[in-house]
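K.L.:
sequence isn't available, so here's the structure alone:
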């Protein structure tokens, strides 16, 4: 979201802001479902009470699937590449964010070291991974975002 778009949302009533947030949550829930389906995983249920979102930046969904086999995943969507991991790697959404951050840093480093970055598009993707990984790490470390209640 651009700085101007953020400024525009400040002029909205609380009800309008909530409606925009709910619309964003719905869109990114659908995006997470599509992403899993593209990977051959058919989601069957979201565990909403353990999922977290920070609209308009990211959402981390805890989702169960029955197909191709029963499993539970952390699925991330938002203003970043969609990704997923088995729930066994992280106990909470916060831990999942830290896991994605570290995983993306390593993935970007491996892309560069392996010589796989051969054109501008690949270089931009590696930089996007690093940038988003750093943002995720900041979100993970921000205690204000994780206070319960």
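P.N.:
It's in. Every value quoted in this text rests on a predicted model; they were computed, and no experiment measured them. Residues are numbered from 1 along each chain as shown.

K.L.:
tell me the SS of residue 44?
P.N.:
Classification of residue 44 using DSSP: H, G, I helix; E, B strand; the rest coil returns strand.

K.L.:
look up how far residue 75 lies from it.
P.N.:
Distance, residue 44 to residue 75, by C-beta to C-beta, to the nearest Å: 13 Å. Glycine gets a C-beta too; all of them are placed from N, C-alpha and C.

K.L.:
quick one, which of these two is more surrounded?
P.N.:
residue 75 (28 against 12; other C-beta atoms under 10 Å).

K.L.:
I'd assumed residue 82 was in contact with that one.
P.N.:
Yes. Counting by C-beta atoms under 8 Å, residue 75 does reach residue 82; the two are 7.3 Å apart.

K.L.:
give me the common contacts of the two.
P.N.:
Taking C-beta atoms under 8 Å, 6 or more residues apart in numbering as the criterion, residue 75 and residue 82 both touch 32, 35.

K.L.:
if you skip the residues just before and after it, what's nearest to residue 12?
P.N.:
residue 20 (7.0 Å; C-beta to C-beta, 6 or more residues apart in numbering).

K.L.:
so that neighbour sits against residue 13, correct?
P.N.:
No. Here residue 20 does not reach residue 13: they are 10.6 Å apart, not a contact under C-beta under 8 Å.

K.L.:
so for the two, which residue has more residues nearby?
P.N.:
Per other C-beta under 10 Å, whichever of residue 20 and residue 13 has more neighbours is residue 20, with 14 against 8.
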